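> sequence-free structure coming up:
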């Protein structure tokens with residue numbers, strides 16, 4: 001039903017959306033296994049060769065950018081990707097101001113560890129006095145990409161940074177909210193297990209992995225709930241870095257498929273052996289049993 005409503009809305013606004021989409025420039029990092037579309041409004045769409053032809057953020061049919069990106073809340077105003085210019089399902093986020101794009105670079109680099117594919121996006125908030133410089137990097141062969149978000153402000157007004165999205169697990173709009181070692185996202189409801197994770201390489205202060213509309217409303221309200229829902233649902237996820245001031249750099253990654261090695265593994269299950277009685281304890285117990293038995297024999301003899 002959600003997809004039907006979204007696409008009906010897109011059809012009604014088709015002409016306006018077509019004109020507005022030209023305002024969002026997209027650079028495509030064509031790697032393997034990931035293809036990453038980076039929008040000039042701090043948004044993304046991602047494809048993986050594990051699930052050919054399926055965008056990994058809703059709407060999966062958005063072949064440019066989708067409902068995943070970077071947000072900053074400052075002095076009561078939420079700055080967000082230009083969701084109102086395209087097919088989207090972010091209405092529960094409420095009122096926001098779209099990023100004002102300054103520049104987006106061409107793709108550079110060769111895709112190696114020492115020279116990763118790179119796109120740099122600069123956005124600002126106009127008179128609000130805040131600028132973001134997001135550097136997106138990808139190393140061929142990895143199932144995750146990184147983003148480094150450098151923020152500069154003209155005064156000491158505190159702000160919160162969010163990374164959030166409406167995840168589309170493999171080829172399904174439903175998943176089980178999931179967390180591991182600070183990373184949040186979702187996993188497929190049925191085997192085989194496939195994960196999408198937002199990974200806070202700069203430790204986050206808050207998180208959420210819930211129904212997608214709940215995640216949007218939490219971002220819109222300015223505070224994530226620190227809740228990981230249970231059960232299979234139409235899910236989204238987000239991270240939050242709170243009360244930053246002045247110049248700050250936030251580093252995060254997003255992975256698709258197996259949980260990557262940059263996410264700390266869960267501690268192993270306890271392998272402590274079941275306690276056993278020592279040899280002396282066994283000897284003492286045997287002696288006690290023998291003594292009780294002897295007393296019983298003597299009593300019967302009486």
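Looks like it came in fine. Just so it is clear, the model here is predicted, and its values are computed rather than measured.

> buried sites along stretch 124-135?
Residues 124, 125, 128, 130, 131, 132, 133, 134, 135 are the ones in stretch 124-135 that count as buried (16 or more other C-beta atoms under 10 Å). Heads up, the C-betas are built off the backbone N, CA and C, glycines and all.

> tell me, how many residues neighbour residue 49?
For residue 49, the neighbour count with other C-beta atoms under 10 Å is 13.

> residues contacting it?
Applying C-beta atoms under 8 Å, 6 or more residues apart in numbering to residue 49 gives the contacts 32, 33, 34.

> and of those residues, the nearest to residue 234?
Distance to residue 234, by C-beta to C-beta, is smallest for residue 34 among the contacts of residue 49, at 23.5 Å.

> find the nearest non-adjacent residue to residue 162, please.
residue 71 (4.0 Å; C-beta to C-beta, 6 or more residues apart in numbering).

> secondary structure element for that neighbour?
strand 68-74 (DSSP states H and E).

> right, and the helix or strand after that strand?
strand 77-80.

> name the strands paired with that next one and say parallel or antiparallel.
Partners of strand 77-80 in the sheet, by DSSP bridges, are strand 68-74 (antiparallel), strand 97-98 (parallel).

> could I get the ones you listed as CSV with mean neighbour count?
Below are the strands paired with strand 77-80 laid out as CSV (neighbours: other C-beta atoms under 10 Å):
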stretch, mean neighbour count
strand 68-74, 24
strand 97-98, 16
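
> turn these into JSON lines, including mean pLDDT and distance to residue 41.
Below are those laid out as JSON lines (pLDDT from 0 to 100; distance: least, C-beta to C-beta, whole Å):
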{"stretch": "strand 68-74", "mean pLDDT": "98", "distance to residue 41": "7"}
{"stretch": "strand 97-98", "mean pLDDT": "96", "distance to residue 41": "6"}
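
> what's the closest of those to residue 183?
It is, among those and with distance given as C-beta to C-beta, strand 68-74, at 15.1 Å.

> residues touching that closest one, excluding its own?
39, 41-46, 57, 78-81, 96, 125, 128, 130, 132, 134, 147, 149, 151, 153, 157-167, 219, 222.

> which among those residues end up buried?
39, 41-46, 57, 78-81, 96, 125, 128, 130, 132, 134, 147, 149, 151, 153, 159-167, 219.

> filter these down to the ones in helices?
Counting by DSSP state H, these place residue 219 in helices.
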